[in-house]
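Peer 1: 3D, please:
(one chain, ligands or ions: 1)
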Amino acid sequence: MNTPTSEQDRLLDHSYDGIQEFDNPLPRWWVWIFWACIAFAAVYGLIPGNVLRGPGRIAEYNASLAEAARLHPPEVEASEASLLALTHDSKALVAGKQLFVTTCSPCHRPDAGGLIGPNLTDDYWLHGGKINEIHHTITVGVLDKGMPNWGKMLKPDQVTDVAAYVFTLHGSNPPNPKPPQGVLVPREK
Ligand code: HEC
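Peer 2: Numbering: from 1, shown residues only. Here you go, the predicted structure:
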């Protein structure tokens, strides 16, 4: 069997199928860390973990939902009056023009005379020529005809700005326009 060694006194006095084992206790420092972790977990879970403090997880969840709803209001159809007011707002029109030139001109031409998309300066409209109808077309697009749904890609005030800008282009008579498409919608004065 075992040759006697200095460790022999820690040999446990059982033997399974001739196999004996030493009692190797964990070092004291390790055991202390182990107990300290358990104690810390209990304290951490109860106090800084907000289990006993704060409004509670349901109230916190509802507050987060309310905050999200505030940050992402549901899409509202802009009213005709508020859009018409923007057509007199030079800041909105400058922003709308800038957006039109960068985003819309590849299909509608920088002067909106029409290319892939229709002429936006004439009296003929496929989807309605009232300012709220123009805003609606820009927001939802005409996906199967190649007009993107800008409401998903632009911020709401960018869409209203560009709608106001488009509305002011009426009658600007760009050279060499695309032939009229849609129905005649005489502009109300
Ligand atoms: C990828 C090409 C493309 C881009 C970019 C594009 N459009 Fe269009 N747009 C179209 C097409 C095509 C139509 C015609 C849809 C149809 O035939 O029903 C259209 C139609 C429209 C109409 C409706 C015209 C009508 O007669 O009723 C408006 C308004 C309009 N676009 C505004 C915009 C604005 C504003 C932008 C930029 C934010 C823009 N478009 C960017 C392709 C485009």
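Peer 1: contacts (any at all) between the ligand and stretch 95-108?
Peer 2: Yes: residues of stretch 95-108 contacting the ligand under Cβ under 6 Å from any ligand atom: Phe100, Thr103, Cys104, Pro106, Cys107, His108. Quick note: C-beta positions are derived from backbone N, CA and C, even for glycine.
Peer 1: give me the distance from whichever strand or helix holds Thr137 to the chain's centre.
Peer 2: Following DSSP states H and E, one finds Thr137 within helix 131-140. On the basis of Cα atoms, centre = their mean, to the nearest Å, helix 131-140 is displaced by 22 Å from the centre of the chain it belongs to.
Peer 1: re the thing from before, the residues of stretch 95-108 next to the ligand in strands, which ones?
Peer 2: In strands, judged by DSSP state E, none of those are found.
Peer 1: including pLDDT, could these go into TSV?
Peer 2: Below are the residues of stretch 95-108 next to the ligand laid out as TSV (pLDDT from 0 to 100):
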residue	pLDDT
Phe100	97
Thr103	96
Cys104	97
Pro106	96
Cys107	96
His108	97
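Peer 1: returning to what we had before: convert the helix holding Thr137 to CSV, retaining C-alpha atoms only.
Peer 2: In CSV, the C-alpha atoms belonging to helix 131-140 read as follows (Å, rounded to 0.1, in the frame of the first residue of the first chain):
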residue,chain,number,x,y,z
ILE,A,131,-51.0,70.0,-49.7
ASN,A,132,-52.1,67.4,-47.2
GLU,A,133,-52.5,64.9,-50.1
ILE,A,134,-48.9,65.7,-51.3
HIS,A,135,-47.8,65.2,-47.7
HIS,A,136,-49.6,61.9,-47.6
THR,A,137,-48.0,60.7,-50.9
ILE,A,138,-44.5,61.7,-49.7
THR,A,139,-45.1,59.9,-46.3
VAL,A,140,-46.5,56.6,-47.6
